[in-house]
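*Asks:* my questions are about this predicted structure, shown below with the sequence.
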Amino acid sequence: GIQVEQSPPDLILQEGANSTLRCNFSDSVNNLQWFHQNPWGQLINLFYIPSGTKQNGRLSATTVATERYSLLYISSSQTTDSGVYFCAATSGNFNKFYFGSGTKLNVKP
Amino acid sequence: DVKVTQSSRYLVKRTGEKVFLECVQDMDHENMFWYRQDPGLGLRLIYFSYDVKMKEKGDIPEGYSVSREKKERFSLILESASTNQTSMYLCASKGGRVGELFFGEGSRLTVL
C-alpha cells in the first residue's frame, strides 16, 4: 500500500495566524481527502481533492498529484480550528483508505 | 448533506458481553466501513461492506463480526468483548467507486 505522511505532527498558533499543513503520499492516488477531527472525535469532511485547488471560506487545499503532495491552508485561524487534521488517500483499490498520522493543531486565544 | 449516524456515543460494557454498534447512513451509499482509532495506532479498518449481505475483512477483523441486512445499516458486533477492544469506533460510508468518505460521530467503547 501507499505511505501517507503528514507534517508537522504538532502546531501551535496564535488566533489570527495562518498555517499550512502538508500531506505527502508515496504513489499516485485516485482519492485524496482532508478531515478535521473535533474534540468529540468526529471526523468532519473538509475537502475531497485528488487534484487541483479548492477553497471553502478560510480554508483552502491544493493537491499536486504529479508531485505527490497535498497542502491544507488555514487562514486567520480561530480557536474552533483546534483539533487533529487528517489526510486520507486511496491508490488502486478504491475502498482501501490510507490515513496519515495527523497534525494536531492548537489555536490559542 | 450526507448523514451517518452511530447509535451510541459512549458505551461501557463488561468483559464477555456481546456488544452491538449500529450505523445508519441516509445517502443510499453502497459502501460502508467500520474503523477503530487508538492513540499511536491511527485509524485501522475492521470490516467493510460493498453491498447488502456482502462484507470483506479489513486489517484487524479478529474478535469482530458485521451484519448488513439493509443497504442503509451496517452493524459491528463484538461477540465477547475484551478489554483490548476498548477504543473509539468510527463508521463511514462512501457512494460509488470513486466517492467521498463520510464518517459518523464515533462511539467510545470502554470494556471493563
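*Replies:* Good, I have the coordinates. Residues are numbered from 1 along each chain as shown, chains lettered A, B, ... in the order given.
*Asks:* wouldn't A:Phe99 be in contact with B:Gln37 here?
*Replies:* No: contact between A:Phe99 and B:Gln37 fails when scored by C-beta atoms under 8 Å: they sit 9.2 Å apart. C-betas here are computed from N, CA, C, even on glycine.
*Asks:* and for the two, which residues touch both?
*Replies:* B:Leu43 (C-beta atoms under 8 Å, 6 or more residues apart in numbering or on different chains).
*Asks:* which ones are touching the residue nearest in space to the middle of chain B?
*Replies:* Nearest residue to the geometric centre of chain B (C-alpha atoms, centre = their mean): B:Trp34, 3.0 Å. Counting by C-beta under 8 Å, 6+ apart, B:Trp34 touches B:21, B:23, B:45-48, B:58, B:64, B:66, B:74, B:76, B:89-92.
*Asks:* ok, B:Thr83 - how many residues close by?
*Replies:* 10 (other C-beta atoms under 10 Å in any protein chain shown).
*Asks:* up against chain B, what does chain A have?
*Replies:* Contact residues (C-beta under 8 Å from any C-beta of the partner chain) of chain A with chain B: A:30-31, A:33, A:35, A:40-45, A:48, A:86, A:88, A:94-97, A:99, A:101-102.
*Asks:* give me the subset of the residues you listed lying in strands.
*Replies:* Here DSSP state E is the test, and those give A:31, A:33, A:35, A:43-45, A:48, A:86, A:88, A:99 as lying in strands.
*Asks:* can you redo those residues as a markdown table with neighbour count and pLDDT?
*Replies:* Formatted as a markdown table, those follow (neighbours: other C-beta atoms under 10 Å in any protein chain shown; pLDDT from 0 to 100):
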| residue | neighbour count | pLDDT |
| --- | --- | --- |
| A:Asn31 | 22 | 93 |
| A:Gln33 | 25 | 97 |
| A:Phe35 | 24 | 98 |
| A:Leu43 | 27 | 95 |
| A:Ile44 | 12 | 96 |
| A:Asn45 | 15 | 96 |
| A:Tyr48 | 15 | 96 |
| A:Phe86 | 24 | 98 |
| A:Ala88 | 21 | 97 |
| A:Phe99 | 20 | 96 |
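*Asks:* hang on, the residue nearest to the centre of chain B in a strand?
*Replies:* Yes: under DSSP: H, G, I helix; E, B strand; the rest coil, B:Trp34 falls within a strand.
*Asks:* looking at chain B, which strand is longest?
*Replies:* Per DSSP E, chain B has its longest strand at strand B:42-51.
*Asks:* for A:Gly100, which non-adjacent residue is closest in space?
*Replies:* A:Gln6 (3.7 Å; C-beta to C-beta, 6 or more residues apart in numbering or on different chains).
*Asks:* what about the helix or strand containing that neighbour, distance to the chain center?
*Replies:* For A:Gln6, the enclosing helix or strand under DSSP states H and E is strand A:4-7. Strand A:4-7 has its C-alpha centroid displaced from the chain centroid by 9 Å (C-alpha atoms, centre = their mean, to the nearest Å).
*Asks:* so what touches that strand?
*Replies:* So strand A:4-7 is contacted by A:21-26, A:85-89, A:98-103 (C-beta under 8 Å, 6+ apart).
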